[in-house]
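K.L.:
this is a predicted model, with the sequence first.
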Number of protein chains: 2
Amino acid sequence: MSDWLDAVKWDAQGLVPAIAQDAASGEILMVAWMNREALEETARTGRGVYFSRSRHKLWRKGEESGHVQTVSEIRLDCDNDVILLKIEQLGGIACHTGRRSCFFHKLTTDDRGHADWVATEPVLKNPDEIYRR
Amino acid sequence: MSDWLDAVKWDAQGLVPAIAQDAASGEILMVAWMNREALEETARTGRGVYFSRSRHKLWRKGEESGHVQTVSEIRLDCDNDVILLKIEQLGGIACHTGRRSCFFHKLTTDDRGHADWVATEPVLKNPDEIYRR
């Protein structure tokens, strides 16, 4: 049965944004996109699967990096157009930059009143090491 | 100076998704959209301001409901196309349905193996009361 997949308001490209949140700490690790197939596979396998808009294909998170996501809960918002995954992030690194979370740019105002984005989270692993073949 | 606003990768409609996360509990309360003006005003005033895609105008969260958001931190992801706000939600209700969080549909599988979205969070206030004039 797939009616629960029909309840999702897919956009014109057949996609919705999906937030991956650490199930234990509540930290937001990343936001990616899902199509119908990605959401179905995520629910069926309990692994985080997205749709890569740049590569135009399913992206099984961790397929290259090993940083697989174990999904414990799937939620949908009131407008049925945003997915929330509660996950455990294997390897502790969700971001392709080697950081735990993708949300490492923090808006910061310096003592002259000038605002800018400042990178705040440590790089836990060199991306060259994560993605070496 | 507005160069930090230029760093954001606005989409073809000039928008990016913005996640509002409870600064204290880590709970994800809602996802809405921001244009450049909404993000600038949010940073300047410390209040959550979004762009309503249905009404095609700035949406100062709480302007009707009183459920204003006090913003303590603004983050941007690695791709520069998703905003994360750490907020305090006045009134404790972010969702137009009267619930604390918009993410109240939980994918649940019953004992016959049938999956469906189930509403899980309590309605704290009748929407008719929230939006009465």
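P.N.:
That came in fine, so what should we check first? Numbering: from 1, shown residues only, chains lettered A, B, ... in the order given.
K.L.:
which strands and helices sit next to the helix ranked longest in chain A?
P.N.:
Counting residues, the longest helix found in chain A (DSSP state H) is helix A:36-45. When contacts are defined as 3 or more CB pairs under 8 Å, 6 or more residues apart in numbering or on different chains; DSSP states H and E, helix A:36-45 packs onto helix A:3-6, strand A:16-22, strand A:49-52, strand A:57-60, strand A:69-76. From N, CA and C alone the C-beta is placed, and that goes for glycine too.
K.L.:
nearest to A:His114, out of these?
P.N.:
strand A:16-22 (30.5 Å; CB to CB).
K.L.:
which ones are touching the residue of chain A found nearest chain B?
P.N.:
Nearest residue of chain A to chain B (CB to the nearest CB) works out as A:Gly26 at 2.5 Å. Residues near A:Gly26 by CB atoms under 8 Å, 6 or more residues apart in numbering or on different chains: B:Gln21, B:Ser25, B:Gly26, B:Glu27.
K.L.:
got JSON lines for these, with pLDDT, distance to A:Asp110 and secondary structure too?
P.N.:
JSON lines is the format used below for those (pLDDT from 0 to 100; distance: CB to CB, whole Å; DSSP: H, G, I helix; E, B strand; the rest coil):
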{"residue": "B:Gln21", "pLDDT": "98", "distance to A:Asp110": "25", "secondary structure": "strand"}
{"residue": "B:Ser25", "pLDDT": "97", "distance to A:Asp110": "30", "secondary structure": "coil"}
{"residue": "B:Gly26", "pLDDT": "97", "distance to A:Asp110": "28", "secondary structure": "coil"}
{"residue": "B:Glu27", "pLDDT": "98", "distance to A:Asp110": "31", "secondary structure": "coil"}
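K.L.:
from A:Val49, how far out is the residue in chain A sticking out farthest from the centre?
P.N.:
Relative to the centre of chain A, the most outlying C-alpha is that of A:Arg112, 35.2 Å out, by CA atoms, centre = their mean. According to CB to CB, to the nearest Å, A:Arg112 stands 46 Å off from A:Val49.
K.L.:
what does chain A have sitting close to chain B?
P.N.:
A:1, A:3-4, A:7, A:17, A:19, A:21, A:25-28, A:30-31, A:43, A:73-80, A:82, A:84, A:95-97, A:99, A:102-107, A:114-117 (CB under 8 Å from any CB of the partner chain).
K.L.:
got the buried residues for stretch A:17-36?
P.N.:
Within stretch A:17-36, the residues that count as buried by 16 or more other CB atoms under 10 Å in any protein chain shown are A:17-23, A:27-36.
K.L.:
just to revisit the earlier point, contacts for the longest helix of chain A, please.
P.N.:
A:2, A:5, A:8, A:10, A:14, A:16, A:18, A:34, A:47-51, A:58-60, A:71, A:74, A:83, A:85, B:107, B:115.
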